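# have a look at this prediction, sequence included:
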Number of protein chains: 2
Amino acid sequence: MRLTRYFLPVLKETPSEAKIVSHRLMLRAGMIKQSAAGIYSWLPLGFKVLRKLENIVHEEQQRAGHIPMLMPTLQSADLWKESGRYDAYGPEMLRIRDRHDRDILYGPTNEELITDIFRSYVGSYKDLPKTLYHIQWKFRDEVRPRFGVMRGREFLMKDGYNFDIDREAAMHAYNRHLVTYLRTYERMGLKAIPMRADSGPIGGEDTHEFLVLADTGESEVFYDAAITDLALGDREVDFDSVEQCRDIFDEFTTHYARTDETHDPAVFDAVPQERRRTARGIEVGQIFYFGTKYSEAMNARVQGPDGKPVPVHMGSHGIGVSRLLGAIIEASHDDKGIIWPEGVTPFHVGIVNLKQGDAEADAACEAIYASVTAVGLDALYDDRNERAGGKFARMDLIGLPWRITVGPRGLANGVVELTNRRTGESEELPPEEAVKKLHGIYTGHRTTQHVEMMGKRAFHTYI
Amino acid sequence: MRLTRYFLPVLKETPSEAKIVSHRLMLRAGMIKQSAAGIYSWLPLGFKVLRKLENIVHEEQQRAGHIPMLMPTLQSADLWKESGRYDAYGPEMLRIRDRHDRDILYGPTNEELITDIFRSYVGSYKDLPKTLYHIQWKFRDEVRPRFGVMRGREFLMKDGYNFDIDREAAMHAYNRHLVTYLRTYERMGLKAIPMRADSGPIGGEDTHEFLVLADTGESEVFYDAAITDLALGDREVDFDSVEQCRDIFDEFTTHYARTDETHDPAVFDAVPQERRRTARGIEVGQIFYFGTKYSEAMNARVQGPDGKPVPVHMGSHGIGVSRLLGAIIEASHDDKGIIWPEGVTPFHVGIVNLKQGDAEADAACEAIYASVTAVGLDALYDDRNERAGGKFARMDLIGLPWRITVGPRGLANGVVELTNRRTGESEELPPEEAVKKLHGIYTGHRTTQHVEMMGKRAFHTYI
């Protein structure tokens, strides 16, 4: 993308209403614009990252055999009256009356609707297990929306629901989701720690939250430092294997890690003192097993092997997709701006022309832009007629992991400069070498391996 | 995908509420489920097609240099009061009051919001031209929602907006959009005819609707039969070329083609009698040039070359993405069910095992499933222990363009059967030949060429 053709309205001033760094940076980098309290437009740069996150979530869910679908944003109030949550939910639920005076609402979550879909079609244990999920906009009428997309009112969430014959099968679904979430966050460059949590209005006893450590987190967290050494990495996972999923669950949940809601000082004290950590965390996902709470209330039963109807065992699992942008920035930025992890960066590389209008510099930039594109990378080429300082500042602000700088002096020696945003380190090398190196970096990156896999399945719509 | 693992709840009975064939078939094929009047859940098969359509729209818009973003579903009423449309819009607008008693609404379209975004950031003619678009859920509170997704209340729409310095530049944007829409519909296997139309509440004089011919269409249309021979095909288009876009515009709009709103019998009579056609059509898109209607009302001005502020010239352009599913089915089905065009089919091929449980048949199906997947095609393998007749009926109902049938008798001769859904023609050939032939068919298909192009750009998130 050539910057002169893009729509990237960066701000010079920091908007005074933004209290945390991710909100400030998203506004300054031209990623979002508030359209009403807690409701945002996603400008092109923000939307590009949002869509990448959404794609990662889709890929990891489908890898585990979970089935994508899409429920609407608006729901009839009837199902919520059936489950008993219509009155219980309180003023965060946006209640609407349509032109025929029917009660509808903007869905804050979808347990009722998915249970209704399930019970309408599924009648036998033979059709189980099933896990359905969608990624859809939700609305919660927060009394004080704040922190930009971190606590907005309209937000994008992945929510999935498993239907199983008994508790044991449902716990496999629970463990399987924990594994998919670990991989999802790792691909986004996040260290998200599963922590035993409180179930709140969803209900049920078994629940883990995933928290990203960040000073601005809204939750206080307590954990054994040993947990931060764990990584799922590239290991092969057979999602049908009860044992393997349980082993990974055990591996990632045995060390002490709890939020203030479930913190138990007595147990925490058993952790060796040098490994005890207290910090703040941002919640980016949660998984629940709530058994037959909704299936009993809404009569979602299947015929068991003995011919008798039994209520299905369910769980639900959520990832706050739009909130993740804020969490990633909170965890990865510096004084100059955002630093995108390579797996989610909106563009793989920025190209800065130090002397726009100089025939040789222009030609070199065009050639680099073409060859970067030819190897399948996405470049943002700053082709404006502006000073170098302003161009650098903008690239640093929007946080692309790599920058290629092209100027007459370097070209006289046959080189350009390749700079790493995170370390600030630069090296001079011929243009073709710079492109080759970039290609190698992204090919070696785990995200890319997933993309390569998708490449082989080029005809799939991989959602 | 193995059918035993999928969620494909087909219906035996035709729901009585469905009045048109696309609605009946979408319900019977397990693609949608109504959750409230005019509000649908997209079950996995329906969602898969919806997402394919969305991807095609994204690709064709970005090919023309249009920039994707995302505006929220809910909007503040303030901007609509500013443009004067808040009172004018009538009861189709879903008006909502939040917990702080502020007036918000579920966006039926986005002229106001995009104009506000534009005026907040863009101040100079040097930043023009710009075309921004998004694909987002809209709501119109139809008094009588009907025909399934064809006239729902919550619907998915692509809406784009161009900002230009003067009428001439804006007319290039208009022509450019016409070209992108032609290609979009062609890739979906649709013959959509641009027809001079009436602008309605959007305003402006220049507007064309795109209509798909179908007996169930809500509009009466009048056209010169010569127009149905036109096709954009694979021709290379330079979207920056004013001349080329205008030539294509002229090519596709010179022949008489109008809806009943703009029909002029005197002009129609000049068409040679043997080419005059009267038919019914389904509207699947519309483009508008409305000049400075919104930019003047909302003070969206840029500094012109002479330093004086001028209101920008705008147009908007919409494609009814969710409605397209219904239109495609109306245009492509038979007594047995849907017939998906290859460019939008949810799965490329269905595999039917005639004797599930037979070791040889099972092994052959597994091998075919693996090799179809390995060449990048998406197969639906009916691995249920059911009779052949039921399996065939289901494949015919859901409408996959190709089917591979595997049974002990054929395998004894080293062959399987490859069947075309549209023609019903079958041929027997060795399994590896069947896969090779399928691969060739989809590789030769225009959609695939686009995908191939995307394959080369494997690291892009092509939206």
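Sure thing, it's come through. All figures in this text were calculated on a predicted structure; none of them were measured in a lab.
# all strands of the stretch 351-463 of chain A, in order?
Along the stretch 351-463 of chain A, counting by DSSP state E, counting those that start in this stretch, strands occupy A:379-382, A:402-406, A:416-420, A:426-429.
# okay if I get those as JSON lines plus mean neighbour count?
Backbone N, C-alpha and C define where each C-beta goes, glycine included. Output for the strands of the stretch 351-463 of chain A, formatted as JSON lines (neighbours: other Cβ atoms under 10 Å in any protein chain shown):
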{"stretch": "strand A:379-382", "mean neighbour count": "24"}
{"stretch": "strand A:402-406", "mean neighbour count": "24"}
{"stretch": "strand A:416-420", "mean neighbour count": "20"}
{"stretch": "strand A:426-429", "mean neighbour count": "14"}
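# got a list of what residue A:158 touches?
Contact analysis of residue A:158 by Cβ atoms under 8 Å, 6 or more residues apart in numbering or on different chains lists A:54, A:57, A:61, A:133-135, A:318-319, A:321.
# of those, just say which sits nearest to chain B.
The shortest approach to chain B among the contacts of residue A:158 belongs to residue A:134, at 7.7 Å (Cβ to the nearest Cβ).
# excluding sequence neighbours, find me the nearest residue to that closest one.
Closest residue in space to residue A:134, ignoring its immediate chain neighbours: residue A:70 at 4.8 Å, by Cβ to Cβ, 6 or more residues apart in numbering or on different chains.
# backbone torsions only: list them for that neighbour.
Backbone geometry at residue A:70, expressed as degrees, to the nearest 10, gives phi -150, psi 120.
# any chance of TSV for the strands of the stretch 351-463 of chain A, columns mean pLDDT and distance to chain B?
Formatted as TSV, the strands of the stretch 351-463 of chain A follow (pLDDT from 0 to 100; distance: least, Cβ to the nearest Cβ, whole Å):
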stretch	mean pLDDT	distance to chain B
strand A:379-382	98	10
strand A:402-406	98	13
strand A:416-420	98	17
strand A:426-429	98	21
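# mind putting those into CSV with distance to residue A:292?
As requested, the strands of the stretch 351-463 of chain A are arranged in CSV below (distance: least, Cβ to Cβ, whole Å):
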stretch, distance to residue A:292
strand A:379-382, 51
strand A:402-406, 52
strand A:416-420, 53
strand A:426-429, 60
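# what about whichever residue of the stretch 301-450 of chain A sits closest to chain B, how many neighbours?
Residue nearest to chain B within the stretch 301-450 of chain A: residue A:376 (4.5 Å; Cβ to the nearest Cβ). By other Cβ atoms under 10 Å in any protein chain shown, the residues close to residue A:376 number 21.
# ok, it to residue A:438 distance?
According to Cβ to Cβ, to the nearest Å, residue A:376 and residue A:438 sit 11 Å apart.
# again with residue A:51
Distance, residue A:51 to residue A:438, by Cβ to Cβ: 22 Å.
# residues of the stretch 101-250 of chain A that sit close to chain B?
The stretch 101-250 of chain A comes close to chain B at residues A:102, A:104, A:106, A:113, A:116-117, A:120-122, A:130, A:132, A:134, A:137, A:139, A:141, A:143, A:153-154, as judged by Cβ under 8 Å from any Cβ of the partner chain.
# now, these that are in helices?
With DSSP state H as the criterion, helices contain A:113, A:116-117, A:120-121 from among these.
# break chain A down into its structural domains.
Domains of chain A are assigned by automatic domain parsing as A:3-331, A:349-456.
# can you pull out the low-pLDDT segments for the stretch 201-350 of chain A?
For the stretch 201-350 of chain A, the stretches with pLDDT under 70 are A:201-205.
# can I get the strand ranked longest in chain A as CSV, trimmed to CA atoms?
Across chain A, the longest stretch assigned as strand under DSSP state E is strand A:276-291. Extracted in CSV, the C-alpha atoms of strand A:276-291 (Å, rounded to 0.1, in the frame of the first residue of the first chain):
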residue,chain,number,x,y,z
ARG,A,276,5.9,-15.8,44.0
ARG,A,277,4.7,-12.9,41.9
THR,A,278,2.0,-10.3,42.3
ALA,A,279,1.1,-8.3,39.2
ARG,A,280,-1.7,-6.8,37.2
GLY,A,281,-3.4,-8.6,34.3
ILE,A,282,-5.8,-7.9,31.4
GLU,A,283,-8.4,-10.5,30.9
VAL,A,284,-8.5,-11.6,27.2
GLY,A,285,-10.5,-14.8,27.4
GLN,A,286,-12.4,-17.2,29.6
ILE,A,287,-13.6,-20.8,29.4
PHE,A,288,-16.5,-22.3,31.4
TYR,A,289,-18.0,-25.7,32.1
PHE,A,290,-21.5,-25.1,33.4
GLY,A,291,-22.9,-28.6,33.1
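# nice, that's everything, thank you.
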